[in-house]
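K.L.:
would you be able to build a 3D model of this:
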Amino acid sequence: MKISKVAFSKGISAFFFDDQRAIKNGAKHDGFVYVGEPVTPKFNRIRQAGQSISVLLMLEDGQIAVGDCAAVQYSGAGGRDPLFLAEEYIPFLEKHIKPLLEGMEVGTFRDMARKFSELQIEGRPLHSAIRYGLTQALLDVRAKALKLMPCEVVCDEYRLPVIAERVPIFGQTGDNRYDNVDKMILKGIEVLPHGLINNVEEKLGRTGEKLREYVRWLAKRVVQLRTSESYRPDLHIDVYGTIGQIFDNDMNRVADYIASLEKDAGGLQLYIEGPVDMEEKPLQIASLKKITDRLHDIGSPVKIVADEWCNTYEDIKEFTDAKSCHMVQIKTPDLGGIHNIVESVIYCRQHGMEAYQGGTCNETDNTARMCVHLAVAARAERMLAKPGMGFDEGFTIVNNELERIIAILRLKSGAK
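P.N.:
This next block holds a predicted model:
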């Protein structure tokens, strides 16, 4: 079967593009926006509306496959591709990509994904957001051609077992880090709250006292609101390198502070994501390893999650091979082609690293649903509830797609 027609449509993503460097430099809130000048190239303000592009592939039989090009909230930071603007990239897609797709025979997902992920135009690879959306559409078109779900195509092509079970979901609060936690507990999410601890003065505290108080509150709130004593969510908090800031990137002091948070977590497993940001990959790997080794040496059960500078499949392999952390975030849009997401989860599982299939609040409903299929097929340890920062909407999209997949797989297998 062939792809007969191709179209692209401009869309909006579920959150915003934020200039992370400007925020780390102390940009202050003014209502929902930030005050000050942007410092990352292509930004015209510190916070600006997120954009997306839908890739629409029509098969010969009239079925239409969809994939959404989207980029992370903190575009242009931590070694990532620059800001993704629809008005800039739709003409690019029309000129360079559409002629390659129209009339193309639908092959295996892996072959098609690799072909377009390795494609270079004028000596440059495609923007990661384009690779992300294009390969989603290619997986969807393969699934429609075979009359299968995308997760079934992935399991078949990677020779993975089809497992009709939940993947734990991780909710993010955004800046509403108290009310949204209440919602998460009431809805029984498996991992919470992310927390968005991206500013020392407002959220971490000069000695880490504000984060400590927040962890204590989380532990107490779980007990207060849970409907069953068996509900014991993992606590996973992203600190965006701010712990390193208050301890002058002294890794022993960073590790000792992180270890001290265990007693505040009320017996819940605690993960700290991005404790330091060293502004380059080799130093980031070495620094996280020092923290991880120190935690091991002092017998701390608190776990470290890598995020910044761990953007590609190759990066994930390097962080994993170095045993630099306990878990890596597979930040889905940063990996470009979604086959890299599958292969990253598989590599982590084969090498004793926990795989968190993450992403960004700045994605779309389509990207979120497709990512559920990838997580179910490759069996990530957890996946992000996305898109958006309101929690309820993203959790609804991801949770309900997960439950549909499980129900359909059980229906096909005859299981109850």
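
K.L.:
how close does the residue nearest the centre of the chain sit to Ile169?
P.N.:
Centroid check for the chain by Cα atoms, centre = their mean gives Gly359 as the closest residue, at 1.7 Å. Relative to Ile169, Gly359 is positioned 12 Å away (Cβ to Cβ, to the nearest Å). Yep, even glycine has a C-beta here, placed from its N, CA and C like the rest.

K.L.:
now do the shared contacts for these two.
P.N.:
In terms of Cβ atoms under 8 Å, 6 or more residues apart in numbering, Gly359 and Ile169 are both contacted by the residues Leu384.

K.L.:
which parts of the stretch 1-150 of the chain are helices?
P.N.:
Read by DSSP state H, counting those that start in this stretch, the stretch 1-150 of the chain holds these helices, from start to end of the chain: 20-24, 86-92, 98-101, 109-117, 128-146, 150-158.

K.L.:
low-confidence ranges, the chain, go.
P.N.:
78-79, 416 (pLDDT under 70).

K.L.:
which one's the longest strand in it?
P.N.:
When every strand of the chain is counted residue by residue (DSSP state E), the longest turns out to be strand 3-18.

K.L.:
tell me the strands beside that strand, with direction?
P.N.:
When pairs are called by DSSP bridges, strand 3-18 turns out to pair with strand 47-59 (antiparallel).

K.L.:
now the angle between helix 128-146 and the strand it pairs with, please.
P.N.:
Angle of strand 47-59 versus helix 128-146, following axes from the mean of the first three to the mean of the last three Cα atoms, to 10 degrees, is 30 degrees.

K.L.:
any idea how far strand 47-59 is from the chain center?
P.N.:
Using Cα atoms, centre = their mean, to the nearest Å, the mean C-alpha position of strand 47-59 is found 18 Å from that of the whole chain.

K.L.:
which of the helices of the stretch 1-150 of the chain sits most buried?
P.N.:
Of all the helices of the stretch 1-150 of the chain, helix 128-146 carries the top mean neighbour count, a mean of 26, counting by mean count of other Cβ atoms under 10 Å.

K.L.:
which helices and strands sit right next to that one?
P.N.:
In terms of contact count using 3 or more Cβ pairs under 8 Å, 6 or more residues apart in numbering; DSSP states H and E, helix 128-146 is assigned the packing partners strand 47-59, strand 64-69, helix 86-92, helix 109-117, helix 150-158, helix 365-378.

K.L.:
got the phi and psi for Pro193?
P.N.:
Note on Pro193: its backbone torsions stand at phi -120, psi 0 [degrees, to the nearest 10].

K.L.:
ok, which of the helices and strands packed on helix 128-146 comes nearest Ala265?
P.N.:
When the helices and strands packed on helix 128-146 are ranked by proximity to Ala265, the top entry is helix 365-378, at 25.4 Å, counting by Cβ to Cβ.

K.L.:
list the neighbouring strands of the helix or strand that comes right after that closest one plus their orientation.
P.N.:
Per DSSP states H and E, helix 365-378 leads on to strand 382-384 as the next helix or strand towards the C-terminus. Strand 382-384 has its sheet partners listed here by DSSP bridges as strand 169-170 (parallel), strand 354-357 (parallel).
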